[in-house]
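**Student:** A predicted structure for the sequence below; I have some questions about it.
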Amino acid sequence: MSAARLVLAPGLVHVPGYLDRASQDALRDALDAAMEGAPPFQPRMPRTGKPFSVRMTNCGPLGWVSDAERGYRYQATHPETGLPWPAIPAILLEAWRDLADYPHPPEACLVNLYGAEAKMGLHQDRDEADFAAPVLSLSLGDTAVFRIGGTSRGGRTTSIRLASGDAFLFGGPARLVFHGIDRILPGSSTLLPGGGRINCTLRRVTPPRG
DNA sequence: CAGTTACG
DNA sequence: ATAC
């Protein structure tokens, strides 16, 4: 399979249908297994404690978490169980090697779980110490309406749909682009038994060797 | 400010 | 679109 890489802007790449159905099934099953050891939790906004509408968990040496007391951060353990995160599924590491054009493995795999009503406001992924590495996102399940802006707030934005199996990369000049999820299109995929969407975001958190 | 709400 |  050679899915086309659509370059929307320098460093911004959409690969529709990157994972075929069999790979999507395998990734879903791997994530199900991972979530047995790292149950999804509900992140909260720094200071205000307002809950996100998405639930999340992580795989890999570091995971992204947020709560009222300590805010956005990466940490090596699950905020509720205190256990290390499970390993990043092989399919995702393979996608990173194939698409990221970066010579070191990802350290974090944030797994966002979207129900029919879940959204994610426009934001930047900027809690990493290494912006040289790209951010790689893989979508499973229901299609999402994805909004993409520029590197500062208030600029023009556009929206595209991210379907099950799609890959999306933010790298180089687009590494710090604002992005978010406007809405989920319920019933648009049969991959996940209960419906909804899973997004896996692979990131390098620390500079290599450091 | 990865959040929601209220107002033209 | 703006404010908090």
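**Tutor:** The structure has been received and is ready for your questions. All figures in this text were calculated on a predicted structure; none of them were measured in a lab.
**Student:** Residue A:56 sits in which helix or strand?
**Tutor:** According to DSSP states H and E, residue A:56 maps onto strand A:55-59.
**Student:** And that strand, what does it pack against?
**Tutor:** helix A:21-37, strand A:63-65, strand A:108-114 (3 or more C-beta pairs under 8 Å, 6 or more residues apart in numbering; DSSP states H and E). For the C-beta atoms, the positions are set from N, CA and C on the backbone; glycine is no exception.
**Student:** can you list the ones you listed in a markdown table and add mean pLDDT, distance to residue A:121 and mean neighbour count?
**Tutor:** Formatted as a markdown table, the helices and strands packed on strand A:55-59 follow (pLDDT from 0 to 100; distance: least, C-beta to C-beta, whole Å; neighbours: other C-beta atoms under 10 Å):
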| stretch | mean pLDDT | distance to residue A:121 | mean neighbour count |
| --- | --- | --- | --- |
| helix A:21-37 | 98 | 24 | 15 |
| strand A:63-65 | 97 | 15 | 23 |
| strand A:108-114 | 98 | 13 | 24 |
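**Student:** what's in contact with the strand holding residue A:56?
**Tutor:** With contact meaning C-beta atoms under 8 Å, 6 or more residues apart in numbering, strand A:55-59 is reached by A:34-35, A:38-43, A:63-65, A:78, A:85-89, A:92, A:108-113.
**Student:** repeat that for 7 Å
**Tutor:** If you take C-beta atoms under 7 Å, 6 or more residues apart in numbering as the criterion, strand A:55-59 is touched by A:34-35, A:38-43, A:64, A:85-89, A:108-113.
**Student:** quick revisit: want to throw the helices and strands packed on strand A:55-59 into CSV with distance to DNA strand B?
**Tutor:** Formatted as CSV, those follow (distance: least, C-beta to the nearest atom of the strand, whole Å):
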stretch, distance to DNA strand B
helix A:21-37, 17
strand A:63-65, 6
strand A:108-114, 6
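**Student:** Could you dump the ones you listed into a markdown table and include distance to residue A:156?
**Tutor:** Below are the helices and strands packed on strand A:55-59 laid out as a markdown table (distance: least, C-beta to C-beta, whole Å):
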| stretch | distance to residue A:156 |
| --- | --- |
| helix A:21-37 | 32 |
| strand A:63-65 | 27 |
| strand A:108-114 | 25 |
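**Student:** The strand holding residue A:56 to helix A:21-37, inter-axis angle?
**Tutor:** For strand A:55-59 against helix A:21-37, the angle by axes from the mean of the first three to the mean of the last three C-alpha atoms, to 10 degrees is 100 degrees.
**Student:** Between strand A:108-114 and strand A:55-59, find me the angle.
**Tutor:** Counting by the same axes, to 10 degrees, strand A:55-59 lies at 160 degrees to strand A:108-114.
**Student:** Please state the offset of strand A:55-59 from the chain centre?
**Tutor:** 9 Å (C-alpha atoms, centre = their mean, to the nearest Å).
**Student:** any idea of the mean pLDDT for it?
**Tutor:** Taken as a whole, strand A:55-59 has an average pLDDT of 98.
**Student:** Excluding chain neighbours, what is closest to the residue of chain A found nearest DNA strand B?
**Tutor:** Ranking the residues of chain A by distance to DNA strand B (C-beta to the nearest atom of the strand) places residue A:121 first, at 1.8 Å. Excluding its sequence neighbours, the residue lying closest to residue A:121 (C-beta to C-beta, 6 or more residues apart in numbering) is residue A:180, at 5.2 Å.
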